[in-house]
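J.: Structure for this input, please:
(chains A and B)
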Protein chains: 2
Amino acid sequence: MTEIKVYETGDHDVTGDGPPPPPPPLTPVPPARQRTAGEEARTLVAQTAVGTLATLSDDGSPWASLVSYAALPDGSPVLFVSTLAEHGRNLVRDARASLVVAETPSGNDPLANGRVTLAGRVVAPEGEREATARAAYLAAVPTAKYYADFKDFSLYVLEVDRVRWVGGYGRMDSADAQAYANAEADPVGDARGAIEHLNDDHADALLLMAQALGGYPDATAATCTGADRYGLDLQVSTPRGSAPARVGFAEPVAEKSGLRGATVELTKRARLQLGAQ
Amino acid sequence: MTEIKVYETGDHDVTGDGPPPPPPPLTPVPPARQRTAGEEARTLVAQTAVGTLATLSDDGSPWASLVSYAALPDGSPVLFVSTLAEHGRNLVRDARASLVVAETPSGNDPLANGRVTLAGRVVAPEGEREATARAAYLAAVPTAKYYADFKDFSLYVLEVDRVRWVGGYGRMDSADAQAYANAEADPVGDARGAIEHLNDDHADALLLMAQALGGYPDATAATCTGADRYGLDLQVSTPRGSAPARVGFAEPVAEKSGLRGATVELTKRARLQLGAQ
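T.: Presented below is the predicted three-dimensional model:
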């Protein structure tokens, strides 16, 4: 499992005032598994069908443009582009390309949302892989049926060499081609509905988790900021300030509907722990 | 005024079945001004503060990454990037860059939404331009105050050489540096609220416009699909099929609140025209 790089203020050559550091936990925190960069990347790529592609113009300068894509089972993006578009002409000349896929924005600060850069080379798939790629693209981009047979369109698979994931401020990591291909998209996917439900209806349970399992017995409130197959991210209020915390599920969730049971188990565990003190 | 290029099916080397062509208008259509590519680009750039940047990695391959930006009064994007990020290191080595700004997605098909590519070179602004650029960035990206003084961050202005706007399927055009710098962002901006209101509460008025001013006296229904300072885009249902139409305001709208009066004037003109027949 890759270590998630936490971007410390100390990495910067700081001269100004940053935000105050969060208060440390007061009790030992059980280890809470997190998604690897490969899993984060695969999850983002599985959530949408639109990204921004960087290609090389005829003078070697970079050219960014919006594209639709599909994903093959190994996470390789499938592109279907026309030579009437600059990116289509660029790829004929130079196969090098990079694709950014970003989380659907929420909140006021787009840089707080997740995004991933995939970089590699496009190839024209052949034989069975061509049929698979075409079917995947037509499933992901239904309007493509109108131009599927236009002769100026070419089908490409982006063979990913490098993956750079940024989860928002202070959460980022890289993955290599193998780690990306072998990772699974999180079946929980976009958890914003579940997070809203937890914050609206289960603030008491979140507070118990922060106190008993998150390392903050002095917590006065906790909101859920993230939910994935491995656990919940919390933002905890304490008299000492606000801090992030993570609480892990007993078992990874196998499908989105499992999130509810896993959260109930966490709450029970937190109650038990507090009762035992 | 630039001609908006309409992407005809005939531009493609077609072998398959495309969508059927729309029925032609039955009556002469008054000329309806449209935004130029420069105006479209400036409008998109003014609407948001996040885009995807393409830069060149050390081996000359393209690298795409998410960035926040601000815009100077001439539309030049301001970037503020760290050398801890790959794009920051790339720009130190090679100033060539390209930025995509996309309309906030709506509907199921992201390629139906507008986007623009700006391409050029970044420069580190100096003197008064540096102060202006910094202030613009801090206004557009409030969280930047936390890292404004980090020494690994550099302020850049993207000096735009080339602009490529795509308004969705079949609407696209280029603008040069001068046309982009001289164009004004449409004060109407994101008109989706106004469009929804027109469709929900004024379907009868839209139908009158389509019949009297849009060239479709046989229209049975019309929905508004776009609204800008110069007029309304309609999608018209007729017994002969569905067609796009455009109806122009008497005068360009100077601010967003003027959209209502301009639409009332259009409705009156349509009534008058139909009454006179």
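
J.: check which helix or strand covers the residue in the stretch 101-250 of chain A that chain B sits nearest to.
T.: Closest residue of the stretch 101-250 of chain A to chain B, C-beta to the nearest C-beta: residue A:149 (2.7 Å). All C-beta spots, glycine's among them, are computed from the backbone N, C-alpha and C. Using DSSP states H and E, residue A:149 falls within no helix or strand.

J.: Now do it against residue A:138, distance only.
T.: To residue A:138, residue A:149 is 11 Å away according to C-beta to C-beta, to the nearest Å.

J.: same question, residue A:44
T.: When distance is defined by C-beta to C-beta, residue A:44 is 22 Å away from residue A:138.

J.: Check residue A:26 too.
T.: Separation of residue A:26 from residue A:138 (C-beta to C-beta): 55 Å.

J.: What ranges does the stretch 1-150 of chain A have for its strands?
T.: All strands of the stretch 1-150 of chain A, identified by DSSP state E, counting those that start in this stretch, fall at A:5-6, A:50-56, A:62-68, A:70-71, A:77-82, A:96-102, A:115-123.

J.: averaging pLDDT over each of those, which comes out lowest?
T.: Per-segment mean pLDDT for those reaches its minimum on strand A:5-6, at a mean of 45.

J.: how about the helices in chain A?
T.: In chain A, the helices defined using DSSP state H lie at A:37-47, A:86-93, A:127-140, A:177-182, A:192-201, A:203-212, A:258-276.

J.: Can you give me the domain boundaries for chain A?
T.: Following the assignment in automatic domain parsing, chain A carries domains at A:39-182, A:188-276.

J.: do you know how far residue A:79 is from chain B?
T.: Distance, residue A:79 to chain B, by C-beta to the nearest C-beta, to the nearest Å: 12 Å.

J.: Poorly predicted segments of chain A, please.
T.: Low-confidence segments of chain A (pLDDT under 70): A:1-19, A:107-108, A:276-277.

J.: which residue is nearest the centroid of it?
T.: Computing the C-alpha centroid of chain A and ranking residues by C-alpha atoms, centre = their mean puts residue A:40 first, at 3.8 Å.

J.: Hmm, that one is touching residue A:166, no?
T.: No: taking C-beta atoms under 8 Å as the definition, residue A:40 is not a contact partner of residue A:166, at 9.1 Å.

J.: what's the overlap in contacts for those two?
T.: Applying C-beta atoms under 8 Å, 6 or more residues apart in numbering or on different chains, one finds that residue A:40 and residue A:166 are jointly contacted by A:114, A:116.

J.: about what we covered before: tell me how many other residues crowd the residue of the stretch 101-250 of chain A closest to chain B.
T.: When counting by other C-beta atoms under 10 Å in any protein chain shown, one arrives at 14 neighbours for residue A:149.

J.: do residue A:272 as well
T.: Residues lying near residue A:272 (other C-beta under 10 Å) number 10.

J.: Distance of it relative to residue A:212?
T.: Using C-beta to C-beta, one obtains 8 Å as the distance from residue A:272 to residue A:212.

J.: what is in contact with the two at once?
T.: With C-beta under 8 Å, 6+ apart, residue A:272 and residue A:212 have no common neighbours.

J.: circling back: okay, residue A:44 and residue A:138: which has more neighbours?
T.: Legend: neighbour count by other C-beta under 10 Å for residue A:44 and residue A:138, higher for residue A:44 (25 against 16).

J.: Report the contact partners of the more buried one.
T.: Counted by C-beta under 8 Å, 6+ apart, residue A:44 has contacts A:101, A:102, A:103, A:114, A:115, A:116, A:165.

J.: now swap in residue A:66 and tell me
T.: A:50, A:51, A:52, A:53, B:100, B:102, B:110, B:111, B:115, B:166.

J.: Check the burial of residue A:93 by counting its neighbours.
T.: 10.

J.: hang on, it packs against residue A:56?
T.: Yes: Residue A:93 lies in contact with residue A:56 (C-beta under 8 Å); the separation is 7.4 Å.

J.: For the residue nearest to the centre of chain A, which non-adjacent residue is spatially closest?
T.: Among residues not flanking residue A:40 along the chain, residue A:165 sits closest, at 4.7 Å (C-beta to C-beta, 6 or more residues apart in numbering or on different chains).

J.: What residues are bridge-paired with that neighbour?
T.: Under the criterion DSSP bridges, residue A:165 forms beta bridges with residue A:116, residue A:173.

J.: Report the contact partners of it.
T.: Applying C-beta under 8 Å, 6+ apart, the residues contacting residue A:165 are A:37, A:40, A:41, A:44, A:114, A:115, A:116, A:117, A:172, A:173, A:174, A:175.

J.: Now with 6 Å, please.
T.: Shown in contact with residue A:165 (C-beta atoms under 6 Å, 6 or more residues apart in numbering or on different chains): A:37, A:40, A:41, A:116, A:173.

J.: how about the residues of the stretch 151-277 of chain A that lie near chain B?
T.: For the stretch 151-277 of chain A, the residues in contact with chain B (C-beta under 6 Å from any C-beta of the partner chain) are A:151, A:152.

J.: what do you get if the cut-off is 8 Å, keeping everything else the same?
T.: A:151, A:152, A:153, A:164, A:166, A:169 (C-beta under 8 Å from any C-beta of the partner chain).

J.: What residues does the third one make contact with?
T.: Put plainly, it is residue A:153. A:80, A:81, A:82, A:88, A:147, B:12.

J.: separation between the spatially closest residue to it that is not a sequence neighbour and residue A:144?
T.: Spatial nearest neighbour of residue A:153, excluding adjacent residues (C-beta to C-beta, 6+ apart): residue A:82 at 5.0 Å. Distance from residue A:82 to residue A:144, counting by C-beta to C-beta: 11 Å.

J.: With residue A:62 instead?
T.: 26 Å.

J.: The two - which one has more neighbours?
T.: Shown here are residue A:62 and residue A:144; by other C-beta under 10 Å, residue A:62 has more neighbours (27 against 18).

J.: hang on, the more buried one packs against residue B:52?
T.: No: with contact defined as C-beta under 8 Å, residue A:62 does not count as touching residue B:52 (10.8 Å).

J.: what do those two both touch?
T.: Shared contacts of residue A:62 and residue B:52, counting by C-beta under 8 Å, 6+ apart, come down to residue A:54.

J.: okay, now residue A:58: neighbour count?
T.: Residue A:58, neighbours per other C-beta under 10 Å, totals 11.

J.: which non-adjacent residue is nearest it?
T.: Once flanking residues are discounted, residue A:58 sits nearest to residue A:93: 6.6 Å by C-beta to C-beta, 6+ apart.

J.: Next, find the distance separating that neighbour from residue A:59.
T.: Applying C-beta to C-beta, the value for residue A:93 to residue A:59 is 11 Å.

J.: Can you check which residues contact both of these two?
T.: Listed contacts common to residue A:93 and residue A:59 are nil; contacts here mean C-beta under 8 Å, 6+ apart.

J.: beta partners of residue A:123?
T.: Beta-bridge partners of residue A:123, as defined by DSSP bridges: residue A:157.

J.: Neighbours of it, how many?
T.: By other C-beta under 10 Å, the residues close to residue A:123 number 13.

J.: Kindly report the same for residue A:181.
T.: Per other C-beta under 10 Å, the neighbour tally for residue A:181 reads 18.

J.: Next one: residue A:260 from residue A:30, what distance?
T.: In terms of C-beta to C-beta, residue A:260 sits 21 Å off from residue A:30.

J.: same question, residue A:212
T.: Taken as C-beta to C-beta, the span from residue A:212 to residue A:30 is 10 Å.

J.: Between those two, which is the more surrounded one?
T.: residue A:212 (24 against 13).

J.: I'd assumed residue A:266 was in contact with that one.
T.: No: if you go by C-beta under 8 Å, residue A:212 and residue A:266 don't touch, sitting 9.4 Å apart.

J.: Looks like residue A:43 contacts residue A:180 (just checking).
T.: No: applying C-beta under 8 Å, one finds residue A:43 not in contact with residue A:180, separated by 11.5 Å.

J.: So for the two, which residue has more residues nearby?
T.: Neighbour count, other C-beta under 10 Å: between residue A:43 and residue A:180, residue A:180 has more, with 27 against 24.
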